[in-house]
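Colleague: For reference, the sequence and a predicted model appear below.
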Amino acid sequence: MRQLAPISPAIHLGAEKIVIIGTGYNDETYPDDHEVDPPYPSLAQMGGHALSNIFLDSVSMDIERMERINCLLAQLPPSVLKSQSLRPVSTFSITPSQSLDAIAVKHYHSIPKAARTLFRVLGVSSKSGPTTGGALISYLLFESGFTQELIELGRTDTMNRLEEVKAFFKETSQ
């Protein structure tokens, strides 16, 4: 379910370059807009947070650790590097440019009525203001419209970074 070092298996199998496709979205465009005293979270919000902690690997920490190790390896003479069987590993990471929770909320009404009733009991609401509990919905929503929008978001985000993608793979082939 959760790995503390999710990139490690690929490195141990001999990977020299790793492409990482993340699901986390971190928008700090308007940090002043965060509520100082937010309302008490609903069961749905707590459930979504718990699922995030269970299923999302610590990829960003793993990438940071690997970059630090790469910097240290760059300081070593090649002879020492070879004798330790250590090697630098390159990564290319791409993450969503939009919140998957917000996209799930847009598709809330496509959920079957019985499931919406269950979500309402858990504290998901959309009648008064913005829908709460988007994180929980995003883990449990498999409706066609939602998955198609996720696929299109991934494609768009990748195409927006096409030159970086090409450069990463070009380095690999040389």
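Modeller: Cool, got the structure.

Colleague: all contacts plus neighbour counts: C-alpha atoms, from now on.
Modeller: Will do.

Colleague: need the helices for the protein, in chain order.
Modeller: Secondary structure of the chain by DSSP state H: the helices cover 8-12, 43-55, 59-75, 78-83, 100-106, 113-122, 134-140, 144-160, 162-173.

Colleague: Quick one: closest of these to Gly24.
Modeller: Of all those, the one in closest proximity to Gly24, counting by CA to CA, is helix 100-106 (8.0 Å).

Colleague: Can you give me the buried ones in the closest one?
Modeller: Neighbour counts over helix 100-106 (16 or more other CA atoms under 10 Å) mark 100-105 as buried.

Colleague: what would these look like in JSON lines with pLDDT and distance to Arg87?
Modeller: What follows is the buried residues of helix 100-106, written out as JSON lines (pLDDT from 0 to 100; distance: CA to CA, whole Å):
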{"residue": "Leu100", "pLDDT": "89", "distance to Arg87": "35"}
{"residue": "Asp101", "pLDDT": "87", "distance to Arg87": "38"}
{"residue": "Ala102", "pLDDT": "87", "distance to Arg87": "40"}
{"residue": "Ile103", "pLDDT": "91", "distance to Arg87": "40"}
{"residue": "Ala104", "pLDDT": "88", "distance to Arg87": "41"}
{"residue": "Val105", "pLDDT": "86", "distance to Arg87": "44"}
